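**Student:** What follows is a predicted structure for the sequence shown.
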Amino acid sequence: MKFLLLLCMFVTIAYGQREPGAIWIPSPHFGSRGSYSAKWLVVHGTAGGSSAEAIGEWFQNPASQAATHYVIGQNGAVVQCVDESESAWGNGRVEAGADDWWSASSPSPNQVTISIEHVKPSTDNSDLITAAQAAASFNLIKNIIARHPGIRMAYANTAGGITGHFSMSPQSRERCPGPYPWEQLFNDLNGSGQPTCMGTVTADTLNIRTAPNSGSIIVGSVPMHRVLNMRAKVAGESINGNPDWYQLHDGSGYVSGYYINVHISQPAWC
Ligand SMILES: [Zn+2]
């Protein structure tokens with residue numbers, strides 16, 4: 001009895017990493033997680049394509065050399081292409097400006113992530129997520145985290161969590177996923193509403209300061225291309241004619257708006 005129970009648990013772990021009700025369109029474009037497990041969930045936009053099924057079929061084509069675990073259509077259809085226990089070929093290079101925890105080699109981002117594509121017909125990923133797509137996305141993310149408690153139900157940091165493709169490829173995938181209802185997602189998941197406004201660093205190195213002026217104490221710095229999450233915009237010292245300063249969402253301090261290119265997830269104040 002005990003043996004049978006253990007066997008059942010093993011079978012669940014080995015073959016149970018699929019979303020109930022998802023349309024299974026298996027892709028050969030995956031590898032092993034090796035000794036690693038999923039700690040981050042990565043949100044993508046397809047930058048082209050019409051349906052989740054069509055993207056799933058593209059991931060079966062050897063010409064694509066790519067796949068994500070899931071694709072969500074604008075109609076809310078959920079396609080699964082790779083079992084969650086495997087490492088999908090969903091993420092590209094770790095580029096300069098990437099969040100500090102990504103490594104290009106050991107482990108590669110694909111070994112420690114679960115990736116979800118969102119169908120966006122526009123090649124610049126400018127489409128807004130539809131209501132049906134958002135509902136399916138939030139539900140899928142909740143279910144994935146239930147299966148993978150190692151993924152924090154919060155915006156990504158070194159310990160894990162949820163982020164976009166821009167987090168590891170901020171140069172070539174700055175607009176992946178493009179607009180995504182992050183605030184709604186985190187309200188839905190944990191009521192936190194974080195993060196609300198995102199922008200990319202345009203200076204070689206941008207100082208984080210205790211107050212919105214260049215005379216205040218430097219508490220840290222971020223490299224060019226890094227995507228920052230901001231919780232508020234305040235008026236401060238004018239830098240090259242720009243008086244806007246952003247308070248970082250993690251509460252660490254303020255950065256000059258002159259060196260921030262805001263383009264991802266834009267509340268009115270952002
Ligand atoms: Zn992407």
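**Tutor:** Received the coordinates, thanks.
**Student:** now the helices for this protein?
**Tutor:** 2-15, 52-58, 131-147, 182-190 (DSSP state H).
**Student:** could you dump those helices to JSON lines with distance to the ion, mean pLDDT and mean neighbour count?
**Tutor:** Glycine gets a C-beta too; all of them are placed from N, C-alpha and C. Below are the helices of the chain laid out as JSON lines (distance: least, CB to the ion, whole Å; pLDDT from 0 to 100; neighbours: other CB atoms under 10 Å):
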{"stretch": "helix 2-15", "distance to the ion": "27", "mean pLDDT": "45", "mean neighbour count": "10"}
{"stretch": "helix 52-58", "distance to the ion": "12", "mean pLDDT": "98", "mean neighbour count": "21"}
{"stretch": "helix 131-147", "distance to the ion": "14", "mean pLDDT": "97", "mean neighbour count": "18"}
{"stretch": "helix 182-190", "distance to the ion": "15", "mean pLDDT": "89", "mean neighbour count": "17"}
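**Student:** Tabulate those in TSV, adding columns for distance to Gly73.
**Tutor:** Formatted as TSV, these follow (distance: least, CB to CB, whole Å):
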stretch	distance to Gly73
helix 2-15	25
helix 52-58	4
helix 131-147	7
helix 182-190	18
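**Student:** among the ones you listed, which is nearest Val227?
**Tutor:** Checking the helices of the chain against Val227 by CB to CB gives helix 182-190 as the closest, at 11.4 Å.
**Student:** so where's the stretch 51-200 of the chain shaky on pLDDT?
**Tutor:** For the stretch 51-200 of the chain, no stretch has pLDDT under 70.
**Student:** which bits of it sit near the ion?
**Tutor:** Contact residues (CB under 5 Å from the ion) of the stretch 51-200 of the chain with the ion: 165, 176.
**Student:** which stretches of the stretch 51-200 of the chain form strands?
**Tutor:** 70-72, 78-80, 87-88, 113-118, 161-164, 197-201 (DSSP state E, counting those that start in this stretch).
**Student:** so Ile25 sits right up against Phe59, yeah?
**Tutor:** Yes - here Ile25 reaches Phe59: they are 7.4 Å apart, a contact under CB atoms under 8 Å.
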